[in-house]
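Enquirer: Here is the input, now give the coordinates:
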Amino acid sequence: METPLPSPESRITLEDIATYPLPGNAIPVALAFSPDDRLVTFLHSSEGSLVRQLYQFEPQTGEQHLLLTPPADGASEENLSLEEKLRRERQRQLGLGVTSYAWAKQGSQLLVPLPDGLYVVDEPGAKPRQVASSKGGALLDPRFSPDGEWIAYVQQNELFCVPATGGACCQLTFGAQESGKTHGLAEFIAQEEMGCSEGFWWSPDGELLAFKEVDETHIPIYRILHQGQDSVGEGAQEDHRYPFAGQANARDRLGVVLRSGGDVVWMDLGPDEDFYLARVDWFPEGSLAVQIENREQTRLDLMCFDPQTGKGNLVLRESNETWINLHELFRPLKKAPYAGYFVWASERTGFCHLYLMDAQGEIVRPLTSGEWMVDSLEGVDEERGVVYFTGTLDSPLECHLYAVLLEGGNVRRITRQPGTHAINMDHGINCFIDTAHSLEQPPQIGLYSLADGSLLHMIYNQPEPRLERLRLQPPEMVMLHSRDGAKLYGALYRPAAAFGKGPYPTIVSVYGGPHAQMVVNGWGMTAAMRAQYLREQGFLIFVLDNRGSAHRGLAFEGTIKHFLGNLEVQDQVDGVHWLVEQELADPQRVGIYGWSYGGYMAAMCLARAPEVFKAAVAGAPVTAWDGYDTHYTERYMGTPQSNPDGYRDGSVMTHVEKMTGRLMLVHGLIDENVHFRHTARLINALIQARKTYDLLLFPDERHMPRRLADRVFMEEQLRDFFLKYL
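Expert: Coordinates of the predicted model:
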């Protein structure tokens, strides 16, 4: 193996790549205002680890206090139930200790789930008291009623309610164990692909609970064995009801039950059983607002249901020949002159924008427009008639907070610093918490005025010791055009001057899939430690958002429809050609790595463009789309029955014969999202084609390696692979 000359800038270790939180990201999370807006609470680790405590910040005094520390057994994943581990996978949650909390909407109570049960803190500083125990099974998704007097949660697949003051629990649903169904839980597809982790919803008055009943008993079991365990007894296998593309989905029903229990009223969702129960909300007057998406994901109906009778009517219908992107941009209005109206988002123009809708679902007026995207709806000040949202008006590479009047008019930008902004609005719609970061600036958190965007208090702006040692250099942002004229954004991590002016051995870091964006003006790019480390080893690292990626409009996304792994590869090839033209990339030494969709892209680039890519690391790759789930796959590909050519062309195995470079496959054996079966099928094809490959397996890991030792070993193997073959 040839080892390049050491760089005088070399200071990053393999442990730096593998240790979470990444440098600069050990910041407060789960920020929230108390109901009276006097306090800001958050989860944070004072030592910069993943084990978090609950803190409060007082804006009037600028003082910060520790509210709650985790129990001794809360610092490890080992004591978590399988249900909790799987929910953490769906939510991509790595934090330990105190992992979540919630304020009651009224009063001063906090709800804190801990490993042994649910606890209520009556006011900041008070001793937590247990209101429900997890001895009978994991307590999932606990939530206060709107008045803070009750807590609903799911245990053993049934919905329960308990007084916040403590007392006897009331079971609200029945029959799950006998029927094999679940009550009050979102199914795998909803959690993983639809951005919907909730399975029950409190009514505004706290008297009713709407809940989802999920029936997956007709879906064949997919069994995952824990091959790395020392014993073969209990816990050595998992059985999942996994809906593969083109096959049966879960069957959902939506019921409403009294908080005190009783008969369930089932909503009449229509005769078609093959649909997605996409979103559930309550209108202020007490009717249910339900979004129902068809199986093809080209139609979305907003329905209004009477919880007393189950009868419903259509409010509006969104249709799109490309596909429907689900969103959280729906807000019913309560006060005159807009009582009964609601704010809604649509991509009917090709870009996601906000509209004011009347009670009949007709457009009153567009609130935003243009060739840019609205990302999130942060708040509506009905008294002043102002809507607050984040979006990409200034740049598709940035995200800012904006305001627009319900009466229409010009959009006003509020956040001032360049970069990316995540917002938490106070209840009074007077100020907001801004977690702001950019390529040059690690995340910092401040309290700002909504009136003019001025800083009121800095909540968190602490320098991290690792940054002084690492001296991370931000990547260089670039723009180029594909062979057919599409504008593409990329980022370059150049090797240090000690490696000369190039051309360099080059590694492409890729994701490439829809609903994601890699190239942004955000700290995450600077803290991309693998790229930074490989840069120090003398490699040029390149990141490119090909067509199909997010925040560029539906036409940019939709070019990949029905033929995944084709145009995305073409754009990545064009990116490499651009690097060669700039005399940056050595065309004989180009590699690529990626994970999940990026693993798919790494393998496809090696197979479909062997003249360009000489080595690839494919982590947890989807290798054939008939082996992935319904909602994600069918949105972009249709079904295997309706689009056999697309599925065949989009399979890595179809193109293995053309592969000439070196391939490393990396996979966790208990990955319940992208099953190891994907890699196994590709290995079979490689053997048939007599293609040599490298294989790195993690017997006890799921979709992303969580153990530090596993991650360090993986980074070491990845480095050695590229040093050997590039």
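
Enquirer: from here on, contacts and neighbour counts on C-alpha atoms
Expert: Noted.

Enquirer: Disregarding residues adjacent in the polypeptide, which is nearest to residue 28?
Expert: Closest residue to residue 28 apart from its sequence neighbours, by CA to CA, 6 or more residues apart in numbering: residue 44 at 4.6 Å.

Enquirer: which ones are touching the one you found?
Expert: 26-29, 51-55 (CA atoms under 8 Å, 6 or more residues apart in numbering).

Enquirer: Now intersect those residues with the strands, please.
Expert: Counted as lying in strands by DSSP state E, out of those, are 29, 51-55.

Enquirer: Who wins on neighbours among the residues you listed?
Expert: Per-residue neighbour counts (other CA atoms under 10 Å) across the ones in strands among the contacts of residue 44 peak at residue 52, which has 26 neighbours.

Enquirer: does that one really touch residue 30, like I thought?
Expert: No: Residue 52 lies out of contact with residue 30 (CA atoms under 8 Å); the separation is 10.8 Å.

Enquirer: Common neighbours of those two, please.
Expert: residue 43.

Enquirer: Contact partners for residue 583?
Expert: Contacts of residue 583 by CA under 8 Å, 6+ apart are 502-503.

Enquirer: element containing it, please.
Expert: Per DSSP states H and E: residue 583 is located in neither a helix nor a strand.

Enquirer: what are the phi and psi angles of it?
Expert: phi 60, psi 40 (degrees, to the nearest 10).

Enquirer: mind checking how far the residue lying closest to residue 430 once chain neighbours are set aside is from residue 259?
Expert: Excluding its sequence neighbours, the residue lying closest to residue 430 (CA to CA, 6+ apart) is residue 450, at 5.6 Å. Noted for residue 450: a distance of 38 Å to residue 259, by CA to CA, to the nearest Å.

Enquirer: which SS class is residue 84?
Expert: helix (DSSP: H, G, I helix; E, B strand; the rest coil).

Enquirer: do the one 3 residues further on as well
Expert: Of the three states, residue 87 takes helix according to three-state DSSP.

Enquirer: which other residues reach the longest helix along the chain?
Expert: Counting by DSSP state H, the longest helix found in the chain is helix 708-725. By CA under 8 Å, 6+ apart, the residues outside helix 708-725 that reach it are 1-3, 14-15, 17-19, 530, 534, 591, 614-615, 617, 662, 664, 696, 698, 705.

Enquirer: Among those, which lie within helices?
Expert: 14-15, 17-18, 530, 534.

Enquirer: So which of the residues you listed is the closest to residue 120?
Expert: Using CA to CA, residue 18 comes nearest to residue 120 of those, at 35.4 Å.

Enquirer: Tell me the spacing between the closest one and residue 229.
Expert: Residue 18 is 24 Å from residue 229, by CA to CA.

Enquirer: By mean pLDDT, which helix or strand of this protein comes out lowest?
Expert: Every helix and strand of the chain was ranked by mean pLDDT, DSSP states H and E. The lowest is helix 82-90, at a mean of 73.

Enquirer: in its sheet, what does the following helix or strand past that one sit against?
Expert: Using DSSP H and E, the helix or strand that directly follows helix 82-90 along the chain is strand 96-97. Each strand paired with strand 96-97, and its direction, by DSSP bridges: strand 51-58 (parallel).

Enquirer: Pull out the CA atoms of the strand it pairs with and give them to me as PDB.
Expert: Presented in PDB, the C-alpha positions along strand 51-58 are these (Å, rounded to 0.1, in the frame of the first residue of the first chain):
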ATOM      1  CA  VAL A  51     -25.600  11.800  27.500                       C
ATOM      2  CA  ARG A  52     -27.900  14.800  28.000                       C
ATOM      3  CA  GLN A  53     -29.500  16.600  30.900                       C
ATOM      4  CA  LEU A  54     -32.500  19.000  31.000                       C
ATOM      5  CA  TYR A  55     -31.600  22.700  31.500                       C
ATOM      6  CA  GLN A  56     -33.500  25.900  31.800                       C
ATOM      7  CA  PHE A  57     -32.500  29.400  30.600                       C
ATOM      8  CA  GLU A  58     -34.100  32.600  32.000                       C
END
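
Enquirer: what's the average pLDDT for the next helix or strand after that strand?
Expert: Using DSSP H and E, the helix or strand that directly follows strand 51-58 along the chain is strand 63-68. Strand 63-68 shows a mean pLDDT of 91.

Enquirer: ok, now stretch 682-692?
Expert: Stretch 682-692 comes out at a mean pLDDT of 98.

Enquirer: And it, what's buried?
Expert: Using 16 or more other CA atoms under 10 Å as the test for burial, stretch 682-692 gives 682-683, 685-686, 691.

Enquirer: Stretch 663-672 too?
Expert: 663-672.

Enquirer: which intervals of the stretch 201-350 of the chain have sub-threshold pLDDT?
Expert: 233-234 (pLDDT under 70).

Enquirer: what do you get if the cut-off is 80, keeping everything else the same?
Expert: Under the criterion pLDDT under 80, the flagged ranges of the stretch 201-350 of the chain are 231-235.

Enquirer: So which residues of it form strands?
Expert: Here the stretch 201-350 of the chain has its strands, by DSSP state E, counting those that start in this stretch, at 208-215, 221-225, 237-241, 251-258, 265-266, 275-282, 288-294, 299-305, 312-319, 330-332, 342-346.

Enquirer: Mind putting those into a markdown table with distance to residue 470 and mean neighbour count?
Expert: Listed next are those as a markdown table, based on distance: least, CA to CA, whole Å; neighbours: other CA atoms under 10 Å:
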| stretch | distance to residue 470 | mean neighbour count |
| --- | --- | --- |
| strand 208-215 | 49 | 23 |
| strand 221-225 | 40 | 15 |
| strand 237-241 | 42 | 15 |
| strand 251-258 | 50 | 20 |
| strand 265-266 | 58 | 19 |
| strand 275-282 | 44 | 20 |
| strand 288-294 | 48 | 21 |
| strand 299-305 | 48 | 19 |
| strand 312-319 | 49 | 16 |
| strand 330-332 | 43 | 20 |
| strand 342-346 | 43 | 22 |
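
Enquirer: and these as TSV, adding distance to residue 434?
Expert: Compiled in TSV, those are given as follows (distance: least, CA to CA, whole Å):
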stretch	distance to residue 434
strand 208-215	33
strand 221-225	42
strand 237-241	40
strand 251-258	36
strand 265-266	41
strand 275-282	26
strand 288-294	30
strand 299-305	32
strand 312-319	32
strand 330-332	21
strand 342-346	23
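
Enquirer: wait, which of those is closest to residue 380?
Expert: When the strands of the stretch 201-350 of the chain are compared by CA to CA, strand 330-332 sits nearest residue 380, at 8.0 Å.

Enquirer: residues in contact with the closest one?
Expert: When contacts are defined by CA under 8 Å, 6+ apart, strand 330-332 is touched by residues 283-284, 340-345, 377, 380.

Enquirer: which of those residues lies closest to residue 504?
Expert: Closest approach to residue 504 among the contacts of strand 330-332 (CA to CA): residue 377, at 44.0 Å.

Enquirer: how close does the closest one get to residue 450?
Expert: As judged by CA to CA, residue 377 and residue 450 stand 15 Å apart.

Enquirer: again with residue 198
Expert: Residue 198 is 30 Å from residue 450, by CA to CA.

Enquirer: May I have stretch 205-218 as CSV, with CA atoms only?
Expert: The C-alpha trace of stretch 205-218 is given here as CSV (Å, rounded to 0.1, in the frame of the first residue of the first chain):
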residue,chain,number,x,y,z
ASP,A,205,-60.6,20.3,24.6
GLY,A,206,-58.8,17.2,25.8
GLU,A,207,-62.0,15.1,25.9
LEU,A,208,-61.3,12.9,22.9
LEU,A,209,-58.4,11.0,21.4
ALA,A,210,-58.2,10.2,17.8
PHE,A,211,-56.0,7.1,17.2
LYS,A,212,-54.7,5.0,14.4
GLU,A,213,-55.4,1.2,14.2
VAL,A,214,-52.8,-0.6,12.1
ASP,A,215,-53.3,-4.0,10.8
GLU,A,216,-50.2,-5.7,9.3
THR,A,217,-51.2,-9.3,9.9
HIS,A,218,-51.6,-9.9,6.2
